[in-house]
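> here you go, sequence then predicted model.
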Amino acid sequence: MSVQALHRRTLAVVMASQVFSGAGLAAGVTVGALLAEQMFDTTSLSGLPAALFTAGSAATALGVGRLSQALGRRAGLVSGYAAGALGGAGVVLAATLANLPLLLLSFLVYGAGTATNLQARYAGADLVAPEGRGRAISSVLVAVTLGAVAGPNLVAPMGTIAERWGIPALAGPFLLAAVAYAVAGAVLFAFLRPDPLLVSRTLPAVETPTTRPGPRFTGSVAAGAVTMVLTQLVMVAVMTMTPVHMQAHGHDLHATGLVIAVHIAAMYLPSPITGILVDRLGRVPVAVASGVTLLAAGLVSATAPTDSVTLLAVALALLGLGWNLGLVAGTAMITDSAPLRSRAKTQGAVDLCVALAGAGGGIASGMVVAAAGYAALSIGGGVLALAVIPFVARSARRTPGVTA
């Protein structure tokens, strides 16, 4: 099989798995904060699930990266999805038994699915040259859209099913998550052969070509990491508190599910266009655009009337788009510059930092809203996102090739 044919096959398999994993990802995003608020009976701790998701994601990102480095993408990704499925089932059990320690532990394990979902994007870039990496990464991300958009809209039906089985309604979506992650892992286990990362090590041509020598890319790992860390922190913080904000102002789960569905669609659906922009305009201009877009999201969400589902949906769409721009640009920077001999390990370490930033955003979000309100959180997040601009601009001046 030619490298091109294997690349196309790998993309198809990974994209198929991402459709299912997207549904698993959506459960925690939509109702995690609401479930915590219900079980802890306080808003100040409603950001705890997002913090635990992302803390679990951090540990898993490092583990999946190291396992992939040693045994290939297939072993790493399958293990991560298996853990995510176990965590989803644990949340359901904990909610049913009203067991808070088990709930917290399960949220932590459930975060493995989120990390694995993101790590899968690297598999799409293993067998492609730098000038096509943006599009390859974006192809994997866009496949998440179908499941991720369907997931929030299944919140109410899954809640009804859960109640019929004697399970709290807010735990219902985690039933879907457990099954979705298990199926995603099964698809990769059965069909991700031969392993793209292992094959890439036998193909020197897939490394950065001689027209783009290594020294020109020095520092792009840092630029990519900062871009993804800031966009993840801001996105998680605002996204986590939006369902709580909506519920506090009388919106039901249907409205919340709709807004989160729009948000997740904006996180992944623009990926094909983002990939083209990253490949044609460069990594740095798209990273800068991510900061500006997140600022716009913060301003809209802060000023939107509390009864306007439409404006909240617009704000969350901008939030998702800003994250998408930062993720694709940052991922391309890192893949460009990380040596193949340690690429998966480096990618896992960077995703660890990204996940920890998300954990920090999740923890802080509930506290900020409790102390200063949702508008303050939104504006503060948007201003923080602008820090991407001077950092990546400085990196571009020092290493001209980073925008290639």
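Thanks, I have the structure now.

> the closest residue to Leu127 other than its chain neighbours: which element?
Leaving aside its sequence neighbours, Leu127 sits nearest to His7 (C-beta to C-beta, 6 or more residues apart in numbering; 4.1 Å). Backbone N, C-alpha and C define where each C-beta goes, glycine included. Taking DSSP states H and E as the definition, His7 sits inside helix 3-40.

> compute the inter-axis angle for the following helix or strand past that helix and helix 3-40.
Using DSSP H and E, the helix or strand that follows helix 3-40 in sequence is helix 48-71. Relative orientation of helix 48-71 versus helix 3-40 (axes from the mean of the first three to the mean of the last three C-alpha atoms, to 10 degrees): 150 degrees.

> and helix 48-71, what does it pack onto?
The contact analysis (3 or more C-beta pairs under 8 Å, 6 or more residues apart in numbering; DSSP states H and E) places helix 48-71 against helix 3-40, helix 73-97, helix 100-123, helix 220-248, helix 343-372.

> between those helices, which one is closest to Met158.
Of all the helices and strands packed on helix 48-71, helix 3-40 sits nearest to Met158, with 8.2 Å by C-beta to C-beta.

> give me the distance from that closest one to the chain's centre.
9 Å (C-alpha atoms, centre = their mean, to the nearest Å).

> go through that helix and flag the buried ones.
Residues of helix 3-40 classed as buried by neighbour count (16 or more other C-beta atoms under 10 Å): 3, 6-7, 9-11, 13-37, 39.

> and Gln347, what is it in contact with?
When the contact criterion is C-beta atoms under 8 Å, 6 or more residues apart in numbering, the partners of Gln347 are Gly65, Gln119, Tyr122, Ile334, Thr335, Ala338.

> okay, the residues you listed in TSV with neighbour count next?
Shown next, in TSV, are those (neighbours: other C-beta atoms under 10 Å):
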residue	neighbour count
Gly65	25
Gln119	24
Tyr122	31
Ile334	27
Thr335	27
Ala338	22
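
> from those residues, which two are the most distant?
Gln119 and Ala338 (13.7 Å).

> how close does the residue nearest to Leu127 get to Val13?
From His7 across to Val13, the span is 11 Å (C-beta to C-beta, to the nearest Å).

> shaky segments in the stretch 151-300 of the chain?
For the stretch 151-300 of the chain, the stretches flagged by pLDDT under 70 are 151-153, 204-219.

> could I get the full set of helices for it?
For the stretch 151-300 of the chain, applying DSSP state H, counting those that start in this stretch gives helices covering 155-164, 172-191, 196-200, 220-248, 253-268, 271-280, 283-303.

> check these for me and report the most buried one.
Ranked by mean neighbour count, the helices of the stretch 151-300 of the chain are led by helix 220-248 with a mean of 26 (mean count of other C-beta atoms under 10 Å).

> now the angle between helix 3-40 and that one, please.
Using the same axes, to 10 degrees: helix 220-248 against helix 3-40 is 40 degrees.

> elements contacting helix 220-248?
By 3+ C-beta pairs under 8 Å, 6+ apart, helix 220-248 packs against helix 3-40, helix 48-71, helix 253-268, helix 283-303, helix 309-337, helix 343-372, helix 374-385, helix 388-398.

> okay, Leu62: pLDDT?
If you check Leu62, the pLDDT there is 87.

> go ahead and confirm it touches Gly348.
Yes - between Leu62 and Gly348 there is a contact under C-beta atoms under 8 Å: 5.0 Å.

> neighbour count: these two, which is higher?
Taking other C-beta atoms under 10 Å, Leu62 and Gly348 do not tie; Gly348 has more neighbours (23 against 19).

> mind listing what that one touches?
Applying C-beta under 8 Å, 6+ apart, the residues near Gly348 are Ala61, Leu62, Gly63, Val64, Gly65, Arg66, Ser68, Gln69, Gln119.

> may I ask which two of these are separated the most?
Farthest pair in the contacts of Gly348 (C-beta to C-beta) is Ala61 and Gln69. Separation: 12.5 Å.

> neighbour count winner among those two?
Higher neighbour count among Ala61 and Gln69: Ala61, with 29 against 19, using other C-beta under 10 Å.

> may I see the buried residues of stretch 332-350?
Across stretch 332-350, burial judged by 16+ other C-beta under 10 Å covers 332-338, 340, 343-350.

> okay, now the unreliable bits of the stretch 1-150 of the chain?
Looking at the stretch 1-150 of the chain by pLDDT under 70, you get 1, 26-30, 43-47, 50, 148-150.

> hmm, Asn324 and Ser271 touching each other?
Yes - Ser271 lies in contact with Asn324 (C-beta under 8 Å); the separation is 6.2 Å.
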